[in-house]
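Q: model the following, please.
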Amino acid sequence: MAYLLKPFNNGKINLKNRLVMPPMATAKAYNDGRISQDILNYYDEKSKGGYISLIIIEHSFISEDGKASLNQLSIADDSLINDLKKLSKIIHKNGSKAVMQINHAGSLARNEVNENPVGPSAILNPRKLTGIMPRELTKDEIKEIINSFKKSASRVKEAGFDGVEIHSAHSYLLNQFISPMTNKRNDEYGGNIQGRIKIHLEVIKAVREAVGEEFPVVIRLGATDDNTVGLTLDDAVEAALSFEKAGVDMVDISGGMCGYILQNSNEQGYFSTQSYEIKKAVKIPVILTGGVTDPVSAERLLEDEKADFIGVGRAILKDSLWAKNAVEKLRN
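A: Numbers count the residues shown, from 1 in each chain. Predicted coordinates:
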């Protein structure tokens with residue numbers, strides 16, 4: 001059997017194959033972050049036939065001050081739960097599992113949605129999507145953000161999703177804490193890698209308290225900043241090991257301060273160097289996303305043990321039949 005077609009069952013989540021649709025912002029929500037018919041139609045189209053085993057919903061903001069951009073999906077209020085149930089039901093009806101990604105933008109909040117962004121330190125975001133200097137968070141504010149993650153995770157479960165993903169990649173807030181480029185704090189939330197992931201471990205603990213032991217918790221890790229003064233591979237591996245010990249069920253590898261692409265990389269599976277080293281270190285499954293456009297490359301990455309699951313984003317965004325064609329090609 002093709003590696004991509006192998007089922008997976010760890011007792012918490014049962015997946016028919018190793019193909020994942022990673023979170024990609026659509027900007028199709030209403031202005032207040034509510035689910036629109038456009039979003040329901042979009043995920044209905046992408047999940048038709050259930051060829052993708054796991055669909056991770058685009059990042060949703062956990063609080064108004066954590067909103068990243070216009071028309072971003074929200075998970076910040078209990079009144080959203082009923083509409084979100086419609087989304088989980090559509091994806092389930094089509095035969096796929098669905099996880100929601102929850103996020104705080106931190107210093108990457110666009111100017112049009114937040115003129116007073118926050119971050120671990122007063123440092124401009126390296127992705128340069130906004131020019132506003134963030135204000136350094138106080139410890140009390142960090143506690144509030146952790147609580148917002150907790151409440152949001154509870155909403156995800158209540159809305160009928162199969163798991164929750166904590167976003168610490170692409171230079172958003174949790175990624176800003178883990179990266180030495182953006183975290184220059186002198187308290188317990190800064191310094192070495194254990195200090196820089198203290199907030200992550202507290203978020204994981206809070207999320208686990210909200211959803212219970214049997215609900216899958218995933219973390220998306222920006223495992224490289226693609227910068228000589230950025231996160232080291234050793235620190236990324238140590239972080240992943242700490243997340244596993246804290247109770248995460250799966251780690252989803254992507255980029256950090258470099259965003260979701262690497263400079264000067266044309267190979268499929270941009271972040272396979274990072275995912276390979278992390279997969280060797282942890283016992284939990286590893287997802288790899290980054291520039292995968294054909295099933296042969298996905299198959300090779302799994303065969304070479306670069307990851308346990310392959311995320312295919314832009315190719316599925318462009319062609320809703322990509323997954324169907326890939327699965328049928330490998331079956332034959």
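Q: wait, what's in contact with Ile39?
A: Contact analysis of Ile39 by C-beta atoms under 8 Å, 6 or more residues apart in numbering lists 26, 28-29, 73, 87. For glycine as for every other residue, the C-beta is placed from the backbone atoms N, C-alpha and C.
Q: for the chain, longest helix please?
A: helix 139-158 (DSSP state H).
Q: then it to CSV, C-alphas only?
A: What follows is helix 139-158, C-alpha atoms only, in CSV (Å, rounded to 0.1, in the frame of the first residue of the first chain):
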residue,chain,number,x,y,z
LYS,A,139,2.7,39.0,32.9
ASP,A,140,-1.0,39.7,33.7
GLU,A,141,-1.7,40.2,30.0
ILE,A,142,0.1,36.9,29.2
LYS,A,143,-2.3,35.2,31.7
GLU,A,144,-5.3,36.7,30.0
ILE,A,145,-4.1,35.4,26.6
ILE,A,146,-3.6,31.9,28.0
ASN,A,147,-7.1,32.1,29.3
SER,A,148,-8.4,33.2,25.9
PHE,A,149,-6.7,30.1,24.3
LYS,A,150,-8.4,27.9,26.9
LYS,A,151,-11.9,29.3,26.3
SER,A,152,-11.4,29.1,22.5
ALA,A,153,-10.3,25.5,22.7
SER,A,154,-13.5,24.7,24.7
ARG,A,155,-15.6,26.3,21.9
VAL,A,156,-13.8,24.2,19.3
LYS,A,157,-14.8,21.1,21.1
GLU,A,158,-18.4,22.2,21.6
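Q: list the buried residues in that helix.
A: 142, 145-146, 148-157 (16 or more other C-beta atoms under 10 Å).
Q: out of the contacts of Ile39, who has the most neighbours?
A: Among those, Leu73 has the most neighbours (other C-beta atoms under 10 Å), with 29 neighbours.
Q: for that residue, what are its contacts?
A: 29, 33, 35, 39, 57-61.
Q: got phi/psi on it?
A: phi -70, psi 150 (degrees, to the nearest 10).
Q: specify the beta-bridge partners of it.
A: Ser60 (DSSP bridges).
Q: of the contacts of Ile39, which belong to strands?
A: Taking DSSP state E as the definition of strands, the contacts of Ile39 contribute Leu73.
Q: ok, Gln176 - contacts?
A: Taking C-beta under 8 Å, 6+ apart as the test, what Gln176 contacts is 106-108, 119-120, 125, 182-183.
Q: which of those sits closest to Lys6?
A: Leu108 (36.1 Å; C-beta to C-beta).
Q: sorry, back to before: and the following helix or strand past the longest helix of the chain with helix 139-158, angle?
A: Counting by DSSP states H and E, the element after helix 139-158 in chain order, helix or strand, is strand 163-168. Counting by axes from the mean of the first three to the mean of the last three C-alpha atoms, to 10 degrees, strand 163-168 lies at 150 degrees to helix 139-158.
Q: what's the first helix or strand after strand 163-168?
A: Immediately after strand 163-168, counting by DSSP H and E, sits helix 173-178.
Q: coming back round to it: nearest to Tyr189, of the contacts of Gln176?
A: Nearest to Tyr189 out of the contacts of Gln176 is Pro120 (C-beta to C-beta; 6.6 Å).
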